[in-house]
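Novice: Below are the sequence and a predicted model for it; my questions follow.
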Number of protein chains: 2
Amino acid sequence: LAAIGDITAKKEKLAIGLMSGTSCDGLDIALIRINGFGRNTRFQLIAASSYAYDSELQNFLRRFPHNPDSHPQAVSQLNFYLAFRWAEMLDCFLNENKFKNTEIDFIGSHGHTVWHQPQPQPFLGREVCSTLQLGDPSALANLSGIPVAGDFRVADVSLGGQGAPLIPFFDWIYFSSMNKNIVAVNIGGISNLTFIPANGDFLTVTAFDCGPGNMLIDLAARHYFRQPFDADGSAASSGKFNTAFFDFLCDSDLFITSLPPKSCGREQYGSPFFEKIISASNRLQLSAQDVLHTLTAYTAHAIFENYSLFISGLQKADLIAVGGGGAGNKFLMHLLQEKFQPVKVLPLSHLGLDENFKEAIGFAVLANETFHGQPSNLPQVTGARRPAVLGKICLP
Amino acid sequence: LAAIGDITAKKEKLAIGLMSGTSCDGLDIALIRINGFGRNTRFQLIAASSYAYDSELQNFLRRFPHNPDSHPQAVSQLNFYLAFRWAEMLDCFLNENKFKNTEIDFIGSHGHTVWHQPQPQPFLGREVCSTLQLGDPSALANLSGIPVAGDFRVADVSLGGQGAPLIPFFDWIYFSSMNKNIVAVNIGGISNLTFIPANGDFLTVTAFDCGPGNMLIDLAARHYFRQPFDADGSAASSGKFNTAFFDFLCDSDLFITSLPPKSCGREQYGSPFFEKIISASNRLQLSAQDVLHTLTAYTAHAIFENYSLFISGLQKADLIAVGGGGAGNKFLMHLLQEKFQPVKVLPLSHLGLDENFKEAIGFAVLANETFHGQPSNLPQVTGARRPAVLGKICLP
């Protein structure tokens, strides 16, 4: 395949990563310069931006998985609609940064998850698991004129894996050179953690989703203040911790303490779950600030509890490296630091990586593996039967 | 990409084509030996089989696009379910023919269409067109252990094309060596035709969907006789032509006479359309045989009318080559021969190609183009803005 041969033959490639996360707030775009592959990967961030979705699209995406109007036509249309929107955002991004599409070697596109169900459920008389990301990579390749690798989760789920988290491969590439036991936490809509041992041994890298990231906090900020998120955690920090509400959260949520491998999404912590816990907070007559405080504490708890249950018994962390939008929530970071004391909790920016774009960068790095024909899931993390080359390659 | 380089470096490749058509009756599998690409393609059919879907799955697939229960979860699950079922059928096929999966170089998989809407419709404030095939190619690659190219229609639709028909590229490869003006008709659930000029000029190849193929006949056979189809057209041939019913069909169906480029599917001729015409046949108190006769005549009319309106004014056919399941309907073939007189109407088997597996073979040939990085849509046929490399490449 001439085009792919050309890409992989180049020593240095320009790659773009696209991430449209479970928070449904927009598309993250990161442009990197990348050399090599696997543990020999070296990369450098050139530019990154977020492109917000308008509130109509945000609401549409949040409701989509459980919306009774989400029929096959809507799935088909949304799959193309997102590719069109992303191609336009990409165009803006390239213009703003003075690059042409012909200079970009490839795109890694995560896609927007509308269903993620690694646990088998009965379907036509069988037990079937599946995952579904929209924003078609073939449409995107043709609209952007750039080769795309996308839909990374499918291969792993088809091999019995959770299809998530996938960023641990990137964490391993990035952190294994630091020679420390590192817990890399990512706080997007969902929170997850990766443990990278000081010796960099690929097979002892561990990772899993912890539970809610910003999702519950953002839903509450929207519910009470019509804000997309609780900036700096200021509303939460002005409230009080409520034990009854916290206990209700723990009792309503079996995910946090469930054994890895595990992954979750909007299915667990989206509108149905949120409506249930808001009813509880109303019964308890809590102020908005107290709800936000307790939800933020619960989010920190989800992360620390998973570390305590599944990591610290085996190896102690030397450093907690926090990425994702949650790293910008000062109150959440403060709570995490209290819990992990005396281990330092640092945002990724203190370690040379832009915390807001870790996932976008990560999927550019995963696409690089795909174009090189290399597997990039961690079977010990996802539970897949074997390593797999992730993603679908689409040429313009 | 080592794996793709290995495939395209081989002079002779073993390729499998998979087709799950709009008739929803099963999966066609064809194994070919193939050399070269583009007009230099040479291939030979080694084995082919159909694997029937059980009636539960058939009914499920037929109802799926308009079923109110078809939510994102069901789309996600069906996408994986079909990949699992196809991987099993493929396994049977390879065993029966004494091949190992490691001997097969690649698969071309059309996927099962659940929505095809090349005409834009309003969606979130935009005009959006789309197409959606299920039976995930990445899942299939990992389950079968064979590289897959799949989802061929997406690229063309994203470039403003109809995404169909795609088999004309194959028709051009196959028929252009015969030095005749050939009309290649395929009668699956939907009927379509390709005109290949005697001089083999790629840019004057014309093709489009004509209208119903076996779909209405099959629905009627099921409705009246609980048979999957009207074997040999025997029920139809024992009935009479009803002019009022025929006129009702013509008046109910704007697709047949609409201008190319055009494509259609179960959206036009599925259950809602069928229920409407069965009501009409009840009002007219027609026998089952008369309904089948008239529907078969209407199917022949759809094909001939399209030839008359859009081909014969420009060039006269020397030969009509009929493929697809409809080529086995003797009564339909008889009606077609009457209409096209004095031009010969022949089943593909008389021209060295197995008519039941033309599409499966065709998608193996299209996948070969994809792995070679070559475009395989015909923009003059689909209306796409430019040629595109069709499909998504998925490595096991």
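Specialist: Thanks, I have the structure now. Numbers count the residues shown, from 1 in each chain, chains lettered A, B, ... in the order given.
Novice: pLDDT below threshold where in chain A?
Specialist: Low-confidence segments of chain A, defined by pLDDT under 70: A:1-3.
Novice: Please tell me how far the longest helix anywhere in chain A is from the chain's geometric centre.
Specialist: Longest helix in chain A, counting residues (DSSP state H): helix A:72-96. Relative to the mean C-alpha coordinate of its chain, helix A:72-96 is positioned 19 Å out (C-alpha atoms, centre = their mean, to the nearest Å).
Novice: Show me what counts as buried in the next helix or strand after it.
Specialist: Later in the chain than helix A:72-96, the nearest helix or strand by DSSP states H and E is strand A:106-123. Buried residues in strand A:106-123, counted by 16 or more other C-beta atoms under 10 Å in any protein chain shown: A:106-118, A:123. All C-beta spots, glycine's among them, are computed from the backbone N, C-alpha and C.
Novice: and the closest residue to A:Ala300 other than its chain neighbours, what element?
Specialist: Among residues not flanking A:Ala300 along the chain, A:Leu335 sits closest, at 3.9 Å (C-beta to C-beta, 6 or more residues apart in numbering or on different chains). According to DSSP H and E, A:Leu335 maps onto helix A:330-340.
Novice: partners of the helix or strand just after that helix in the sheet?
Specialist: Reading on from helix A:330-340 to the C-terminus, the next helix or strand found by DSSP H and E is strand A:344-347. Sheet pairing of strand A:344-347 (DSSP bridges) gives strand A:319-323 (parallel).
Novice: The strand it pairs with: how far from the chain's middle?
Specialist: Taking the mean of its C-alpha atoms, strand A:319-323 sits 15 Å from the chain's own mean (C-alpha atoms, centre = their mean).
Novice: contacts for that strand?
Specialist: For strand A:319-323, contacts defined as C-beta atoms under 8 Å, 6 or more residues apart in numbering or on different chains pick out A:175, A:178, A:180-187, A:333, A:336, A:340, A:343-348, A:351, A:353, A:355-356, A:358-359.
Novice: tell me the contacts of A:Thr41?
Specialist: Neighbouring residues of A:Thr41 by C-beta under 8 Å, 6+ apart: A:34-35, A:173, A:365, A:368.
Novice: Of those, which is the nearest to A:Gly5?
Specialist: A:Asn368 (15.0 Å; C-beta to C-beta).
Novice: quick revisit: tell me the two of the buried residues of strand A:106-123 that are most distant?
Specialist: Maximum pairwise distance in these, criterion C-beta to C-beta, is 34.3 Å, between A:Phe106 and A:Phe123.
Novice: Show me where the stretch 101-250 of chain A has its helices.
Specialist: A:137-144, A:153-158, A:167-175, A:215-225, A:234-237, A:243-252 (DSSP state H, counting those that start in this stretch).
Novice: Sorry, slip of the keys, the one I care about is the stretch 251-396 of chain A.
Specialist: For the stretch 251-396 of chain A, the helices defined by DSSP H, counting those that start in this stretch occupy A:266-269, A:271-283, A:288-310, A:330-340, A:358-371, A:379-382.
Novice: from those helices, which stretch is densest packed?
Specialist: A comparison of these by mean neighbour count, using mean count of other C-beta atoms under 10 Å in any protein chain shown, puts helix A:358-371 on top with a mean of 27.
Novice: re the thing from before, for the longest helix of chain A, buried residues please.
Specialist: A:72-87, A:89-90, A:93-94.
Novice: ok, back up a step: what's the closest of the helices of the stretch 251-396 of chain A to A:Phe241?
Specialist: Once the helices of the stretch 251-396 of chain A are compared by C-beta to C-beta, helix A:288-310 is nearest, at 5.7 Å.
Novice: and the closest one, how far out from the chain's middle?
Specialist: Remark: helix A:288-310 is offset 18 Å from the chain centroid, using C-alpha atoms, centre = their mean.
Novice: near chain B, which residues of the stretch 251-396 of chain A show up?
Specialist: Listed as neighbours of chain B in the stretch 251-396 of chain A under the rule C-beta under 8 Å from any C-beta of the partner chain: A:370-373, A:388-389, A:391-396.
Novice: wait, is A:Gly17 part of a helix?
Specialist: No. Applying DSSP: H, G, I helix; E, B strand; the rest coil, one finds A:Gly17 to be strand, outside a helix.
Novice: ok, it - contacts?
Specialist: By C-beta under 8 Å, 6+ apart, the residues touching A:Gly17 are A:28-30, A:32, A:107-110, A:357, A:359-365, A:367.
Novice: give me phi/psi at the nearest residue to A:Trp172 once chain neighbours are set aside?
Specialist: In this structure, A:Trp172 finds its nearest non-sequential neighbour in A:Val205, 5.0 Å apart by C-beta to C-beta, 6+ apart. Here is the backbone geometry of A:Val205 (degrees, to the nearest 10): phi -70, psi 130.
Novice: so A:Val205 makes contact with A:Ile196?
Specialist: Yes. Using C-beta atoms under 8 Å, A:Val205 is in contact with A:Ile196, at 5.7 Å.
Novice: So for these two, which residue has more residues nearby?
Specialist: Here A:Val205 and A:Ile196 are compared on neighbour count by other C-beta atoms under 10 Å in any protein chain shown; more neighbours surround A:Ile196, at 29 against 21.
Novice: which bits of the stretch 101-250 of chain A sit near chain B?
Specialist: Checking the stretch 101-250 of chain A against chain B by C-beta under 8 Å from any C-beta, the hits are A:114-115, A:117, A:121, A:123-126, A:128-132, A:136-139, A:141-143, A:151, A:154-155, A:157-159.
Novice: Which of the residues you listed are buried? Put it as a ChimeraX command.
Specialist: Here is the ChimeraX command that picks out the buried ones among those, judged by 16+ other C-beta under 10 Å:
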select /A:114,115,117,123,124,128,129,130,131,132,136,137,138,139,141,142,143,151,154,155,157,158,159
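Novice: okay, now A:Ala52: neighbour count?
Specialist: Neighbour tally, A:Ala52, other C-beta under 10 Å: 12.
Novice: Tell me the bridge partners for it.
Specialist: Beta bridges link A:Ala52 to A:Gly26, judged by DSSP bridges.
Novice: my guess is A:Asn242 contacts A:Arg283, does it?
Specialist: No. The pair A:Asn242 / A:Arg283 is not scored as a contact, 11.7 Å apart, by C-beta under 8 Å.
Novice: measure the closest residue to A:Thr22 other than its chain neighbours to chain B for me?
Specialist: Nearest residue to A:Thr22, sequence neighbours excluded (C-beta to C-beta, 6+ apart): A:Gly189, at 3.3 Å. Applying C-beta to the nearest C-beta, to the nearest Å, the value for A:Gly189 to chain B is 17 Å.
Novice: Likewise for A:Gln380?
Specialist: 18 Å.
Novice: Contact partners for that residue?
Specialist: A:203-206.
Novice: Those, buried ones only, as a PyMOL selection?
Specialist: Applying 16+ other C-beta under 10 Å to the contacts of A:Gln380 leaves a buried subset, and the PyMOL line that selects it is:
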select buried, chain A and resi 205+206
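Novice: And the residues of the stretch 251-396 of chain A next to chain B, which two are furthest apart?
Specialist: A:Ala388 and A:Pro396 (24.7 Å).
Novice: And these two? Which one has more around it.
Specialist: For the pair A:Ala388 and A:Pro396, the greater number of neighbours falls to A:Ala388 (26 against 21), based on other C-beta under 10 Å.
Novice: sorry, back to before: next up, the contacts around the residue nearest to A:Trp172.
Specialist: Contacts for A:Val205 were tallied using C-beta under 8 Å, 6+ apart; they are A:168, A:171-172, A:194-197, A:378, A:380-381.
Novice: Export the helices of the stretch 251-396 of chain A to CSV and append columns for distance to A:Ser238.
Specialist: Putting the helices of the stretch 251-396 of chain A into CSV (distance: least, C-beta to C-beta, whole Å) gives the following:
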stretch, distance to A:Ser238
helix A:266-269, 24
helix A:271-283, 16
helix A:288-310, 5
helix A:330-340, 9
helix A:358-371, 29
helix A:379-382, 38
